[in-house]
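Chemist: 3D, please:
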Amino acid sequence: MQYQTITKKNIRVMADRFYSSVLKDDLIADFFIERLGDEMISDEWQDHLNLLTDFWASVTIGDSKYNGTPLTPHIDMPGLSKESFQRWLELFSKTIDRLYEKEAADIFKSKGEMIANNFMKQLKL
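Modeler: Next comes the predicted model:
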């Protein structure tokens with residue numbers, strides 16, 4: 001069953017499933033493993049997933065809990081490339097399409113593309 005609406009609860013499900021797929025990916029897994037480890041049950045990962053849940057809730061449903069700066073962690077990350085952002089978007093879109101019906105999926109995908117393009121521009125990739 002796919003979600004018709006976006007809620008904070010199903011955003012967390014999305015984050016868990018998305019990053020499970022990220023950790024299996026040859027191109028981008030190392031970016032996350034280097035900073036957070038390879039076990040999503042760790043405190044570092046759980047903190048990151050909670051932060052991302054708040055971030056995506058702010059972007060998609062206007063939740064006001066997130067107050068971070070999402071670009072900052074990416075600024076000094078060696079090896080980031082246009083290809084790594086494209087892979088991130090590919091995995092993100094696949095996860096979104098599995099979990100959400102088209103209208104909700106389109107919100108995530110358009111926001112994700114906008115954010116990735118902005119990051120690439122800011123990082124000069």
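
Chemist: what about the strands in the protein?
Modeler: Secondary structure of the chain (DSSP state E): no strands located.

Chemist: quick one: low-confidence parts of the chain?
Modeler: Judged against pLDDT under 70, the chain has no low-scoring part.

Chemist: any idea which helix is longest in it?
Modeler: Across the chain, the helix with the greatest residue count (assigned by DSSP state H) is helix 102-122.

Chemist: and it, what other elements does it pack with?
Modeler: On a contact count with 3 or more C-beta pairs under 8 Å, 6 or more residues apart in numbering; DSSP states H and E, helix 102-122 meets helix 43-61, helix 82-99. C-beta coordinates here come from the backbone N, C-alpha and C atoms, glycine included.

Chemist: out of the ones you listed, nearest to residue 1?
Modeler: helix 82-99 (9.5 Å; C-beta to C-beta).

Chemist: still on that earlier bit, let's have the helices and strands packed on helix 102-122 in TSV, adding distance to residue 116 and mean neighbour count.
Modeler: Below are the helices and strands packed on helix 102-122 laid out as TSV (distance: least, C-beta to C-beta, whole Å; neighbours: other C-beta atoms under 10 Å):
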stretch	distance to residue 116	mean neighbour count
helix 43-61	12	17
helix 82-99	5	17
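
Chemist: With distance to residue 26 as extra columns, can I get the ones you listed in a markdown table?
Modeler: Listed next are the helices and strands packed on helix 102-122 as a markdown table, based on distance: least, C-beta to C-beta, whole Å:
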| stretch | distance to residue 26 |
| --- | --- |
| helix 43-61 | 20 |
| helix 82-99 | 9 |
